[in-house]
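Trainee: pasting the structure only:
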């Protein structure tokens, strides 16, 4: 059974930092591209960052470039998202997902999500 469990969300002040983790199990994690997707109130779903299987290729949506860093540890089956200089508009539910979801959200496996709230 595929399982993705996010953790690390919470309440943080604007300018602060959080690190999200996603523990993966039930599939060959190292063989999958992974994407962090967020659901923002009033804006719907948006992809945040993608990391390819080897970890050497990453992509970021424009609004988080230079502030967020995606990484993975294939030996630990864990995906990370380091978020710095957080802004109120980063508030949302963050989902760990399998596959590269830059063009469609209608695929892959999804975790239940973790809430990130950035206060002003």
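Mentor: Thanks, I have the structure now. Please read all numbers here as calculations on a predicted model, not as lab measurements. Residues are numbered from 1 along each chain as shown.

Trainee: now the strands for the protein?
Mentor: 3-7, 10-13, 18-25, 34-40, 44-51, 58-60, 68-73, 78-83, 92-98, 114-119 (DSSP state E).

Trainee: what comes into contact with the second one?
Mentor: Think strand 10-13. 18, 86, 115, 116, 117, 118, 119, 120 (C-beta atoms under 8 Å, 6 or more residues apart in numbering). Placement of C-beta: from N, CA and C, glycine included.

Trainee: what mean pLDDT does stretch 21-34 get?
Mentor: The pLDDT scores in stretch 21-34 average 97.

Trainee: what are the buried residues along that stretch?
Mentor: 21, 22, 23, 24, 29, 32, 33, 34 (16 or more other C-beta atoms under 10 Å).

Trainee: out of these, flag the one nearest to residue 74.
Mentor: residue 29 (6.2 Å; C-beta to C-beta).

Trainee: grab the most central residue of this protein for me.
Mentor: residue 36 (2.6 Å; C-alpha atoms, centre = their mean).

Trainee: circling back: got the strands of the chain as JSON lines, with distance to residue 104 columns?
Mentor: Below are these laid out as JSON lines (distance: least, C-beta to C-beta, whole Å):
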{"stretch": "strand 3-7", "distance to residue 104": "18"}
{"stretch": "strand 10-13", "distance to residue 104": "29"}
{"stretch": "strand 18-25", "distance to residue 104": "20"}
{"stretch": "strand 34-40", "distance to residue 104": "11"}
{"stretch": "strand 44-51", "distance to residue 104": "10"}
{"stretch": "strand 58-60", "distance to residue 104": "15"}
{"stretch": "strand 68-73", "distance to residue 104": "19"}
{"stretch": "strand 78-83", "distance to residue 104": "19"}
{"stretch": "strand 92-98", "distance to residue 104": "11"}
{"stretch": "strand 114-119", "distance to residue 104": "22"}
